[in-house]
Structures are given as structure tokens and as C-alpha cells.
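J.: quick one, what's the 3D model for this:
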Amino acid sequence: MTENTTAKPAFKVKAGGSKGQAITELLVKEPGLSRAAIAERVGCTVGRVGETIRFLAAEGSKEEKAAASKHVTAQAKAREAAKRETEKKRAAEKAAKAKAKAAAPKK
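T.: Residues are numbered from 1 along each chain as shown. Next comes the predicted model:
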């Protein structure tokens with residue numbers, strides 16, 4: 001008789017329990033929350049939220065996989081928007097400096 005020694009991902013064990021369930025419920029009920037917001041509301045770490053999201057994306061039900069996927073996509077879009085906003089601010093600051101330099105009296 002052979003024994004099945006296939007290892008399961010380490011995060012699978014950690015994704016269960018009441019906190020994992022609370023994280024899953026928030027992902028499904030309130031899409032768009034940041035991992036930090038979820039962690040604060042559930043009372044766990046951001047890392048725990050990430051582990052649960054990875055678990056759901058890999059092993060969850062169809063609804064859970066969709067919620068995890070939407071969360072990851074929303075977070076990526078938010079990062080891109082923040083990056084574009086930062087680039088706009090830097091460009092405006094650079095233009096203002098150039099304008100002030102051009103308007104300054106020459107020595």
C-alpha cells in the first residue's frame with residue numbers, strides 16, 4: 001500500500017478558521033476594500049488577508065475565487081491610479097520650477 005505524500009500549500013491550513021471566514025465574507029460582501037482595511041476590521045494582519053486571498057484564488061468556491069480575483073484587480077488598479085497621480089504631481093512641480101526659473105531676473 002502506497003501512502004499519498006503530496007504536500008498541500010502551507011497557506012491552506014492558515015486560511016481557515018473564523019478570521020479566514022470573516023475575511024472571505026468581507027471580500028464577497030464589500031468588494032474594493034483594501035487589505036489593510038480588511039485586516040483592521042477583522043483584527044488580523046495584512047499578511048493573513050493576503051494568505052486568505054491566495055488560498056481563495058487557488059482553492060475557493062467559484063464565488064470566492066471571483067471575489068479574490070476582483071480584489072486583486074481592484075488593488076492593482078488603485079496602485080496604477082496612485083502612480084499616475086504621483087507622476088502628474090511631479091510633472092506639475094517640475095513645470096512650476098522651470099517657469100519660476102525662467103521668470104527669475106538674470107544676473
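
J.: any stretches of the chain with poor pLDDT?
T.: Residues of the chain meeting the criterion pLDDT under 70: 1-16, 107.

J.: rerun that using 50 as the cut-off
T.: Across the chain, the ranges flagged by pLDDT under 50 are 1, 4-14.

J.: count the residues that sit near A37.
T.: By the criterion of other Cβ atoms under 10 Å, A37 has 14 neighbours. C-betas here are computed from N, CA, C, even on glycine.

J.: which SSE is it in?
T.: For A37, the element it lies in under DSSP states H and E is helix 35-42.

J.: which positions within that helix qualify as buried?
T.: By 16 or more other Cβ atoms under 10 Å, the buried positions in helix 35-42 come out as 35, 38-39, 42.

J.: for it, the distance to its chain's centre please.
T.: 11 Å (Cα atoms, centre = their mean, to the nearest Å).

J.: and that helix, C-alpha only, in CSV?
T.: Provided in CSV are the C-alpha atoms of helix 35-42 (Å, rounded to 0.1, in the frame of the first residue of the first chain):
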residue,chain,number,x,y,z
ARG,A,35,-6.2,44.6,2.5
ALA,A,36,-5.3,47.0,5.3
ALA,A,37,-9.0,47.9,5.8
ILE,A,38,-10.0,44.2,5.8
ALA,A,39,-7.2,43.4,8.3
GLU,A,40,-8.3,46.2,10.6
ARG,A,41,-11.9,45.2,10.6
VAL,A,42,-11.2,41.5,11.1
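
J.: now the angle from the following helix or strand past that helix to helix 35-42?
T.: Using DSSP H and E, the next helix or strand after helix 35-42 towards the C-terminus is helix 46-59. For helix 46-59 against helix 35-42, the angle by axes from the mean of the first three to the mean of the last three Cα atoms, to 10 degrees is 100 degrees.

J.: this completes my enquiry, with thanks.
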